[in-house]
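Chemist: Pasting a predicted model and its sequence here:
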Number of protein chains: 2
Amino acid sequence: MTTVASTPDMSERRYRDSSDKTLADYPRPSVAVDTAVLTLDEQQGLVVLQVRRPNADGWALPGTFLHEGETLAMAVARSLQVKANVEGLLPRQLHVFDALDRDPRGWVLSVAHVDVVQPARLEERFAASTRLMPVRAPGRLPFDHPEIVRRAVEYLQSRYADRPDPDRLLGEEFTILQLRRAHEQIAGRPLQRDWFRRTMEPQLEPTGQLASGARGRPAELFHRREPGS
Amino acid sequence: MTTVASTPDMSERRYRDSSDKTLADYPRPSVAVDTAVLTLDEQQGLVVLQVRRPNADGWALPGTFLHEGETLAMAVARSLQVKANVEGLLPRQLHVFDALDRDPRGWVLSVAHVDVVQPARLEERFAASTRLMPVRAPGRLPFDHPEIVRRAVEYLQSRYADRPDPDRLLGEEFTILQLRRAHEQIAGRPLQRDWFRRTMEPQLEPTGQLASGARGRPAELFHRREPGS
DNA sequence: GAAATAGTGTCTTTGAGACAGTATATC
DNA sequence: GATATACTGTCTCAAAGACACTATTTC
């Protein structure tokens, strides 16, 4: 281990030692973000947003390189805005992919994210260059993107395990059946009717109104319990 | 959004588009790794490894900058080897800290890791420049390091929730009381005697031997169930 | 024998699952 | 009234918690 002479114009060198040179001495990796934007689609269930790969065939998750002065969350928001015209909400980190040969462009770390957005936020998305694909059949995706989708779904499943629609994928009012259908799409399996009602109803506020239009006895409409009640 | 002219000598430009320029066009962040190395100490319980801050007062978690040709796991292993003379095992990512002003040296992303190592691996550590501190009173730590310790402990707790010592912090043979004491150090709270035995015993193999030296009826010694039995 | 720890048996409580019964709408 | 769906009551079962009892050692 050789000690490298310090760069004289570095103003802050407190952390240097024989194994930890100054900031400027090393080649730096590019850092990218890739995001699995998840939402619930009326027809397709749980879907993930994809964008056309520029100058390449096929589709990919939206992503971009991290710019100077940006946090990861800002880069995620920018990539969604620019590539898909979608306003993200609260991106959450999933994993850093760092295999040395993962990107033919060179040394690129990719920080995978998940962002759960309400369906309405995807209505204005670029029609020609974006698509929504079911998470269980997302089509052919490059790089680590299939793994990102897998981790994103896993995250959403744990988030929805015992709370009623925490990310407001449904509207403000819904019946317990509608809520259960949404949770079943996310869980990827049928949920028990009895257990579901007993778990969710105490966390909901009845509106006093009834749903209409369906066959059978009309169901009561609920909304989410407001914070602080 | 302006399109930037491509750099002619880039061999790989398939991914370029108006918002996603070539690799070389952007300033890149430095990427660091910081690691909470956890182990069980006979006296202090669950402890975290700290190293003296070079050219600064106080202590910090071991870390280093990512070098070219290295994965994050390799950088973690190197930082533990060089800074503490400790051989790490299986670092796991916790979080990327990316606040713009988090490091006075400049633009530095830090990927926080946790690594659980057997106490024996820490015996040869540098005596003068390292120390082990209880995770619940780790002393004054810089940057995001207290948060890293918090997340590391949370990770370990979920890992130890219902499996007998998955990271082999105990020796090969142990009594159920020794196992429970270790799990209690990690959980940070007393665990119920009845439930603990009922949960763990089916996952253990009796050795047929008995512990000796203590007061009271000697306890049976167990070892971990070998894979495939 | 007293004290301490190991190990076992079992009662209670809790929550999930199963299922049947009642309520209220559409057709 | 037939059918469909919403809602409620309750039995069963499994696991956690609590607690008591027996077993076997040291002192």
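Modeler: Structure received. All values derive from a computational prediction rather than experimental measurement.

Chemist: Quick check: mean pLDDT of the top helix by length along chain A?
Modeler: If you go by DSSP state H, chain A has its longest helix at helix A:145-159. When pLDDT is averaged over helix A:145-159, the result is 97.

Chemist: same thing with stretch A:57-77?
Modeler: The average pLDDT within stretch A:57-77 is 96.

Chemist: who in chain A is up against DNA strand D?
Modeler: A:175-177, A:194, A:197, A:214-220 (C-beta under 7 Å from any atom of the strand). No exception for glycine: its C-beta is placed from N, CA and C like everyone else's.

Chemist: Write out the residues of chain A neighbouring DNA strand C.
Modeler: In this structure, chain A approaches DNA strand C at residues A:192, A:194-195, A:198-199, A:210, A:212, A:215-218, judged by C-beta under 7 Å from any atom of the strand.

Chemist: switch to 10 Å and redo it
Modeler: Applying C-beta under 10 Å from any atom of the strand, we find that chain A lies next to DNA strand C at A:162, A:190-199, A:210-218.

Chemist: Emit the PyMOL select command for whichever of those are buried.
Modeler: Listed next is the PyMOL selection for buried residues among those, using 16 or more other C-beta atoms under 10 Å in any protein chain shown:
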select buried, chain A and resi 196+199
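
Chemist: Tell me which entries of the residues of chain A next to DNA strand C lie within strands.
Modeler: Of the positions in the residues of chain A next to DNA strand C, residue A:210 sit in strands, assigned by DSSP state E.

Chemist: Of the residues of chain A next to DNA strand C, which belong to helices?
Modeler: A:193-199.

Chemist: Show me how chain A divides into domains.
Modeler: Domain segmentation of chain A under the TED database yields A:30-159, A:173-224.

Chemist: what distance separates the start and the end of the shortest one?
Modeler: Right, domain A:173-224. Domain A:173-224 has an end-to-end distance of 8 Å (C-alpha to C-alpha, to the nearest Å).

Chemist: residues near the closest residue to residue A:139 other than its chain neighbours, how many?
Modeler: Counting by C-beta to C-beta, 6 or more residues apart in numbering or on different chains, residue A:139 lies nearest to residue A:133, which is 5.4 Å off, once chain neighbours are set aside. Residue A:133: 17 surrounding residues under other C-beta atoms under 10 Å in any protein chain shown.

Chemist: Quickly run through the sheet partners of the stretch of helix or strand residue A:133 belongs to, with directions.
Modeler: Here residue A:133 sits within strand A:130-134, counting by DSSP states H and E. Using DSSP bridges, the strands paired with strand A:130-134 in its sheet are strand A:45-52 (antiparallel).

Chemist: pLDDT averaged over the strand it pairs with - what is it?
Modeler: Mean predicted confidence for strand A:45-52 is 97.

Chemist: What residues sit buried inside the top strand by length along chain A?
Modeler: When chain A is parsed with DSSP E, its longest strand is strand A:30-41. Neighbour counts using 16+ other C-beta under 10 Å place A:30-40 of strand A:30-41 among the buried residues.

Chemist: In TSV: the residues you listed, plus distance to chain B and pLDDT.
Modeler: Below are the buried residues of strand A:30-41 laid out as TSV (distance: C-beta to the nearest C-beta, whole Å; pLDDT from 0 to 100):
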residue	distance to chain B	pLDDT
A:30	5	95
A:31	6	97
A:32	9	97
A:33	10	98
A:34	11	98
A:35	13	98
A:36	16	98
A:37	16	98
A:38	20	98
A:39	22	97
A:40	27	96
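
Chemist: Check these and tell me the two furthest apart.
Modeler: Across these, the longest distance by C-beta to C-beta is 33.7 Å; it joins A:30 and A:40.

Chemist: which stretch among the domains of chain A comes nearest residue B:88?
Modeler: domain A:30-159 (15.9 Å).

Chemist: low pLDDT regions in chain A?
Modeler: Residue ranges of chain A with pLDDT under 70: A:1-24, A:227-229.

Chemist: What residue in it comes nearest to DNA strand D?
Modeler: residue A:216 (2.3 Å; C-beta to the nearest atom of the strand).

Chemist: Kindly spell out which helices and strands sit in contact with the longest strand of chain A.
Modeler: strand A:45-52, strand A:63-65, helix A:72-84, strand A:108-116, helix A:145-159, helix A:176-187 (3 or more C-beta pairs under 8 Å, 6 or more residues apart in numbering or on different chains; DSSP states H and E).

Chemist: Now do the fifth one: which elements does it pack against?
Modeler: In this structure, helix A:145-159 packs against strand A:30-41, strand A:45-52, strand A:92-97, strand A:108-116, helix A:176-187, with contacts taken as 3+ C-beta pairs under 8 Å, 6+ apart.

Chemist: Taking their axis directions, that helix and strand A:108-116 sit at what angle?
Modeler: Counting by axes from the mean of the first three to the mean of the last three C-alpha atoms, to 10 degrees, helix A:145-159 lies at 40 degrees to strand A:108-116.

Chemist: tell me which residues of helix A:145-159 are tucked away?
Modeler: A:145, A:148-149, A:151-153, A:155-156, A:159.

Chemist: Contacts for stretch A:154-171 next, please.
Modeler: Here stretch A:154-171 makes contact (C-beta atoms under 8 Å, 6 or more residues apart in numbering or on different chains) with A:38-40, A:46, A:92, A:94, A:114, A:116, A:118-119, A:174, A:178-179, A:182-183, A:186-188, A:199-200, A:203-204, A:224.

Chemist: Using PDB, write down the CA coordinates of that stretch.
Modeler: Output in PDB follows, covering the C-alpha atoms of stretch A:154-171 (Å, rounded to 0.1, in the frame of the first residue of the first chain):
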ATOM      1  CA  GLU A 154     -41.800  -7.700  -3.300                       C
ATOM      2  CA  TYR A 155     -41.600  -4.200  -1.700                       C
ATOM      3  CA  LEU A 156     -45.200  -3.400  -2.700                       C
ATOM      4  CA  GLN A 157     -46.500  -6.700  -1.300                       C
ATOM      5  CA  SER A 158     -44.900  -6.100   2.100                       C
ATOM      6  CA  ARG A 159     -46.300  -2.600   2.100                       C
ATOM      7  CA  TYR A 160     -49.800  -3.800   1.300                       C
ATOM      8  CA  ALA A 161     -49.700  -6.900   3.600                       C
ATOM      9  CA  ASP A 162     -51.900  -5.500   6.300                       C
ATOM     10  CA  ARG A 163     -52.800  -1.900   5.500                       C
ATOM     11  CA  PRO A 164     -55.700  -0.800   3.300                       C
ATOM     12  CA  ASP A 165     -54.200   0.700   0.100                       C
ATOM     13  CA  PRO A 166     -51.500   2.800   1.700                       C
ATOM     14  CA  ASP A 167     -50.400   4.300  -1.600                       C
ATOM     15  CA  ARG A 168     -54.000   5.300  -2.600                       C
ATOM     16  CA  LEU A 169     -54.100   3.300  -5.800                       C
ATOM     17  CA  LEU A 170     -57.900   3.300  -5.400                       C
ATOM     18  CA  GLY A 171     -60.000   6.500  -5.300                       C
END
